[in-house]
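Colleague: sequence-free structure coming up:
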């Protein structure tokens, strides 16, 4: 894959469940449009994952057997991102062999700019050695590490300085920051058009595409305003998981037993914790907690038993809702 092949792709989404994946595949095939999947390591990794029990290999093989319209990118690839707190190398090895793009993400472990740049360079070289054709994304969202305009330019300057031209030209995306962050089921960022434009200019200077993370829960006008300023692509993940969760809740319809089973699975997963503030009380916000992390438990046997009661109707509803959202953002002709 070449960088030019990515220029018309506006949206990358999280493969939050098999239902979401199949719905997106059907949409892309129906309208002959392209989008990207961005699995995190916790969702799908070289040896495990909570999404349909897929591994990196089985997930990518499944997608490629269904469509040529999906670009596959590892999101947040690197240390401290998987089920185990590893260095990321085993994951990167499989990523380089199976994904089109790898997001080199070191900023959770390395907060200092020089350390982060050094490790970004090391991981890029490692992945390039495994597969010289794989492309890269660098940088991160401000919820993880806020970059000033100066620091972002310094990142790209140092990568260009320390990578040979061939490898540097494999950098497809630079993550820029325009004021997006997530808490519970809301986008809590403060939109900064000046920073957006300045960071887009940095990406243009180094001839890379730009992308914003955490685009969830923005309305369509807010998304297209960013596109109008020159944004190339946006990542949306938890919001698609919430779409399916809301569909499930429609079928459960406050059935006390099923609702409480769903809630208990979500509560005991502990996956909601990172999305809420310290004052959040689960017992007082059961519905909100389910909406935050319902997609995390869809592959649990007990949850599958619940869904089996209405799986056919649920699949149809999810596909319709996902198609609606995709159509709004991608706007196929």
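Modeller: Received, thanks. In this text, all values refer to a predicted model and were calculated from it rather than measured experimentally.
Colleague: In this structure residue 162 contacts residue 120, no?
Modeller: No - here residue 162 lies out of contact with residue 120, judged by C-beta atoms under 8 Å, at a distance of 9.7 Å. For every residue, glycine as well, the C-beta is placed using N, CA and C.
Colleague: Can you pull out the residues in contact with stretch 6-13?
Modeller: Defining contact as C-beta atoms under 8 Å, 6 or more residues apart in numbering, one finds that stretch 6-13 is touched by 20, 24, 34-38, 71, 73, 75, 135, 172-173, 209, 211, 227, 232-237, 240, 326, 329-330.
Colleague: chain center to that stretch: distance?
Modeller: 12 Å (C-alpha atoms, centre = their mean, to the nearest Å).
Colleague: The residue lying closest to residue 325 once chain neighbours are set aside: neighbour count?
Modeller: Leaving aside its chain neighbours, residue 325 sits nearest to residue 243 (6.6 Å; criterion: C-beta to C-beta, 6 or more residues apart in numbering). Residue 243 has 21 neighbours, counted by other C-beta atoms under 10 Å.
Colleague: what does residue 256 give?
Modeller: By other C-beta under 10 Å, the residues close to residue 256 number 8.
Colleague: how far away is it from residue 155?
Modeller: Using C-beta to C-beta, to the nearest Å, residue 256 is found at 52 Å from residue 155.
Colleague: Quick check: next helix or strand after the helix or strand hosting the residue nearest to residue 325?
Modeller: Following DSSP states H and E, one finds residue 243 within helix 238-252. Scanning forward in sequence from helix 238-252 by DSSP H and E, the next helix or strand is helix 256-269.
Colleague: Which positions in that following helix come out as buried?
Modeller: 258-259, 261-263, 265-267 (16 or more other C-beta atoms under 10 Å).
Colleague: swap in stretch 41-55?
Modeller: By 16+ other C-beta under 10 Å, the buried positions in stretch 41-55 come out as 41-46, 48-52, 54-55.
Colleague: okay, who's weakest in those by pLDDT?
Modeller: Lowest pLDDT within the buried residues of stretch 41-55 is found at residue 48 (86).
Colleague: just checking, that one touches residue 55?
Modeller: Yes - counting by C-beta under 8 Å, residue 48 touches residue 55, with 7.0 Å between them.
Colleague: can you count the residues close to residue 182?
Modeller: Count around residue 182 with other C-beta under 10 Å applied: 22.
Colleague: From residue 140, how far out is the nearest residue to it once chain neighbours are set aside?
Modeller: Leaving aside its sequence neighbours, residue 182 sits nearest to residue 214 (C-beta to C-beta, 6+ apart; 5.3 Å). Distance of residue 214 to residue 140, given as C-beta to C-beta: 10 Å.
Colleague: more neighbours, those two?
Modeller: With neighbours defined as other C-beta under 10 Å, residue 214 and residue 140 compare such that residue 214 has more, 25 against 22.
Colleague: which residues sit in contact with that one?
Modeller: Counting by C-beta under 8 Å, 6+ apart, residue 214 touches 141, 143, 180-182, 187, 189, 235.
Colleague: how about a cut-off of 7 Å?
Modeller: Residues counted as contacts of residue 214 (C-beta atoms under 7 Å, 6 or more residues apart in numbering) are 141, 143, 180-182, 235.
Colleague: do the same with residue 238
Modeller: By C-beta under 7 Å, 6+ apart, residue 238 lies in contact with 14, 182, 216.
Colleague: Recalculate using a threshold of 6 Å.
Modeller: residue 216 (C-beta atoms under 6 Å, 6 or more residues apart in numbering).
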